[in-house]
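> no FASTA, just this:
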């Protein structure tokens, strides 16, 4: 089922004695901080879909707790989680690489090219959004490398990456990937 988070999330997660298996989160989580990341990591270990998009209070510390505890994630959105860096994103990619199908890292400026080898290990990826990650410095060769390693990749969003000139030629001809 889907759970819509609100300000009572922390209380609910810590007070439920026998919760049903929590598999999904839904939409915006308001003012989520590392305290709630810790609670999610300890109480919601069966999560498959986690959307933390637009939560500027989440730091590497909170994401490292999630990476250490959640083993079933298929979809992770960290869109505009602006405090995150390579440290936590690399750990998440390493922990979730076998199952992760959908990843959104849109507008995380602190990311650098060092995450790309970790991302290339996510062989189950179907969609990835790397738009406006200014520190990534994506270019055509990085797009080629990701496409070659992520065999199930159907869509890669790279809006705002000025060094990507013609990424879809080789993949579009093979019908493997649509680069936006």
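Yes, it's here. Please read all numbers here as calculations on a predicted model, not as lab measurements. Residues are numbered from 1 along each chain as shown.
> Can you give me the neighbour number for the residue nearest to residue 151 when sequence neighbours are not counted?
Spatial nearest neighbour of residue 151, excluding adjacent residues (Cβ to Cβ, 6 or more residues apart in numbering): residue 123 at 6.1 Å. Where C-beta positions appear, they are placed from N, C-alpha and C, glycine not excepted. The local packing of residue 123 (other Cβ atoms under 10 Å) involves 13 other residues.
> Likewise for residue 141?
Neighbours of residue 141 (other Cβ under 10 Å): 10.
> Enumerate every residue touching the residue nearest to residue 151.
The contact partners of residue 123, by Cβ atoms under 8 Å, 6 or more residues apart in numbering, come to 97, 98, 149, 150, 151, 152.
> Okay, helices next: where are they in the chain?
9-15, 34-43, 60-69, 86-96, 116-120, 140-149, 168-174 (DSSP state H).
> could those helices go into TSV alongside distance to residue 130 and mean pLDDT?
Output for these, formatted as TSV (distance: least, Cβ to Cβ, whole Å; pLDDT from 0 to 100):
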stretch	distance to residue 130	mean pLDDT
helix 9-15	29	52
helix 34-43	23	87
helix 60-69	17	95
helix 86-96	11	97
helix 116-120	8	97
helix 140-149	9	89
helix 168-174	14	43
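> Serialize those helices to a markdown table and add fields for distance to residue 75.
Formatted as a markdown table, the helices of the chain follow (distance: least, Cβ to Cβ, whole Å):
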| stretch | distance to residue 75 |
| --- | --- |
| helix 9-15 | 19 |
| helix 34-43 | 15 |
| helix 60-69 | 13 |
| helix 86-96 | 10 |
| helix 116-120 | 15 |
| helix 140-149 | 18 |
| helix 168-174 | 22 |
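> Ok, which of the ones you listed comes nearest residue 158?
Across the helices of the chain, residue 158 has its closest neighbour in helix 140-149 (7.0 Å, Cβ to Cβ).
> Could you pull out the buried residues of that closest one?
Residues of helix 140-149 classed as buried by neighbour count (16 or more other Cβ atoms under 10 Å): 142, 143, 146, 147, 149.
> gap between it and the chain center?
Here helix 140-149 is found 18 Å from its chain centre; the criterion is Cα atoms, centre = their mean, to the nearest Å.
> and what of stretch 124-132?
Its chain's average C-alpha position is 8 Å from that of stretch 124-132, according to Cα atoms, centre = their mean.
> now stretch 71-88
4 Å.
> That stretch: end-to-end distance?
Stretch 71-88 has an end-to-end distance of 15 Å (criterion: Cα to Cα, to the nearest Å).
> Give me the buried stretch members for that stretch, please.
73-81, 83-88.
> what residues are up against residue 150?
119, 120, 122, 123, 125, 128.
> Identify, from those, the entry nearest to residue 43.
Using Cβ to Cβ, residue 122 is the member of the contacts of residue 150 that sits closest to residue 43, with 25.7 Å.
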